[in-house]
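Novice: sharing a sequence plus its predicted fold:
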Amino acid sequence: MQTITILGATGSIGASTLDVVARHPDRFRVYALTAHSQVRKLAEQCLRFTPQVAVVGSAEAAKELESLLQQAGSRTEVLHGEQALCAVASARDCDTVMAAIVGAAGLAPSLAAARAGKRVLLANKEALVMSGQLFMDAVEQSGAILLPIDSEHNAIFQCLPHTYGRRPDGHGVSKILLTASGGPFRTRPLDTLASVTPEEAVAHPNWVMGRKISVDSATMMNKGLEVIEAHWLFGAPADRIEVVIHPQSVIHSMVSYDDGSVLAQLGNPDMRTPIAHALAFPERIESGVGPLDLARIGRLDFEAPDMARFPCLRLAYDALLAGGTAPAILNAANEIAVEAFLERRLAFHSIPAVIEGVLQKLPAPDVGSIDALLEQDRTARRVALSLIS
């Protein structure tokens, strides 16, 4: 019986995780559920899965959640704030942590889980983008088990030998191939991107995701962040991580080997597949996802990404090569720019311009602590806001 803390339970990954958990009550028990502000949805989840602890973002949200749960006779303890997130991520009573809080807000609790030696199911790519070396050092020192949840990285993980150990040369790995759908604007005329609306940007053709990550997919910043994440997860340098656009989103990623073999992981575009894989690893369990019908799909297409159409992807490669805190600066500037776009304060095609402006303005030294990293993150956000205004 695994006991699980789900960080970001009300988001799409959190909800999918609970769907898989509900299918296997003999294998999984929920220790804690967290959300930032979706109090009523979290209350419903608490009443169904009876966690020991629930965590929300503020005292006001905690008061509301506590009232809802008490009225229903629930005994779930309610806490709030970042310290509480870190506490449930590292608690002795839980052995598995689904790290699914979007953005930089997920860094501290994800790192707390790694330092506590948990089985960490990492859906928060920003944790590795921002603090790659710090995070991987914490995993190694504590003996934590790190399992990727992003469909692409989970696919790569499945295509690598279990003894891989972040050593591509030791296992004949020549290249990691990250597939990308290309998002909703893959074929849209470039001269019309200035008029893209938030509603158009969040309408992903294949995946059901949150608003922020949907915009990242439309700009392909999401894929750029995944390139950086792949570097840390699999020990591959930038020139051995290649992005391939695959509009059908059936092949989730591939690994190319020195002997000419290319191994791929295929499946319907449903996040319950990688979630179930990581929850049960090294076993396999039913996820609720239907079988793949290749005859119905009929064809699989591939193309190279156009860096003129997707400058955010180029910026991510640049940040990875620059090293230091450049990836953290990239991520912070992107979060601010995407937020401004969703609030209609910034044009879609100006998102990469803001990010590049912040990268050019700020130095990116190596830092050895989470506090220094978060200070760099705050500085990048201030510069991004000043550029937007």
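Specialist: Alright, I've got the coordinates. Here the structure is a predicted model, which is why all the values come from computation and not from measurement.
Novice: contacts and neighbour counts: CA atoms only from here.
Specialist: Fine.
Novice: let's see the helix or strand harbouring Glu126 as PDB, backbone CA atoms only.
Specialist: Using DSSP states H and E, Glu126 maps to helix 125-142. Extracted in PDB, the C-alpha atoms of helix 125-142 (Å, rounded to 0.1, in the frame of the first residue of the first chain):
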ATOM      1  CA  LYS A 125       9.100  20.600 -14.800                       C
ATOM      2  CA  GLU A 126      10.000  24.100 -13.400                       C
ATOM      3  CA  ALA A 127      11.700  22.400 -10.400                       C
ATOM      4  CA  LEU A 128      14.400  21.000 -12.600                       C
ATOM      5  CA  VAL A 129      14.500  24.000 -15.000                       C
ATOM      6  CA  MET A 130      15.100  26.300 -12.100                       C
ATOM      7  CA  SER A 131      17.300  24.200  -9.800                       C
ATOM      8  CA  GLY A 132      18.600  21.300 -11.900                       C
ATOM      9  CA  GLN A 133      21.900  20.700 -10.100                       C
ATOM     10  CA  LEU A 134      20.500  21.400  -6.600                       C
ATOM     11  CA  PHE A 135      17.500  19.100  -7.300                       C
ATOM     12  CA  MET A 136      19.600  16.200  -8.700                       C
ATOM     13  CA  ASP A 137      22.100  16.500  -5.900                       C
ATOM     14  CA  ALA A 138      19.200  16.200  -3.400                       C
ATOM     15  CA  VAL A 139      17.900  13.100  -5.100                       C
ATOM     16  CA  GLU A 140      21.300  11.500  -5.100                       C
ATOM     17  CA  GLN A 141      22.100  12.400  -1.500                       C
ATOM     18  CA  SER A 142      18.800  11.200   0.000                       C
END
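Novice: can you name the next helix or strand after that helix?
Specialist: strand 145-148.
Novice: who touches that following strand?
Specialist: Applying Cα atoms under 8 Å, 6 or more residues apart in numbering, the contact partners of strand 145-148 are 114, 117-123, 139, 154, 157, 278.
Novice: look up the pLDDT of Gln45 for me, please.
Specialist: pLDDT, Gln45: 98.
Novice: can you count the residues close to it?
Specialist: If you count neighbours by other Cα atoms under 10 Å, Gln45 ends up with 18.
Novice: and what about it, helix, strand or coil?
Specialist: Classification of Gln45 using DSSP: H, G, I helix; E, B strand; the rest coil returns helix.
Novice: measure it to Ile6 for me?
Specialist: 11 Å (Cα to Cα, to the nearest Å).
Novice: between these two, what contacts are shared?
Specialist: Contacts common to Gln45 and Ile6, judged by Cα under 8 Å, 6+ apart, are absent.
Novice: and the strands in the stretch 251-389 of the chain, which stretches?
Specialist: 251-257, 262-266 (DSSP state E, counting those that start in this stretch).
Novice: deepest-packed of those strands, please.
Specialist: strand 251-257 (a mean of 23; mean count of other Cα atoms under 10 Å).
Novice: who are the packing partners of that one?
Specialist: Secondary structure elements in contact with strand 251-257, counted by 3 or more Cα pairs under 8 Å, 6 or more residues apart in numbering; DSSP states H and E, are helix 151-159, strand 173-180, strand 262-266.
Novice: and the longest one, how far out from the chain's middle?
Specialist: If you compare the mean C-alpha spot of helix 151-159 with that of the full chain, they lie 13 Å apart, counting by Cα atoms, centre = their mean, to the nearest Å.
Novice: again, but for the second one
Specialist: Using Cα atoms, centre = their mean, we find the averaged C-alpha position of strand 173-180 to lie 18 Å away from the chain's own average C-alpha position.
Novice: neighbouring contacts of it?
Specialist: 152, 156, 168, 223, 227, 236, 240-247, 249, 251-258.
Novice: and stretch 224-239, what's buried?
Specialist: Of the residues in stretch 224-239, 224-238 count as buried by neighbour count, 16 or more other Cα atoms under 10 Å.
Novice: for it, give me every contacting residue.
Specialist: Residues from elsewhere that reach stretch 224-239, judged by Cα under 8 Å, 6+ apart: 125-126, 128-129, 132-133, 136, 153, 165-168, 175-176, 178, 241, 312-317, 320-321, 327, 331.
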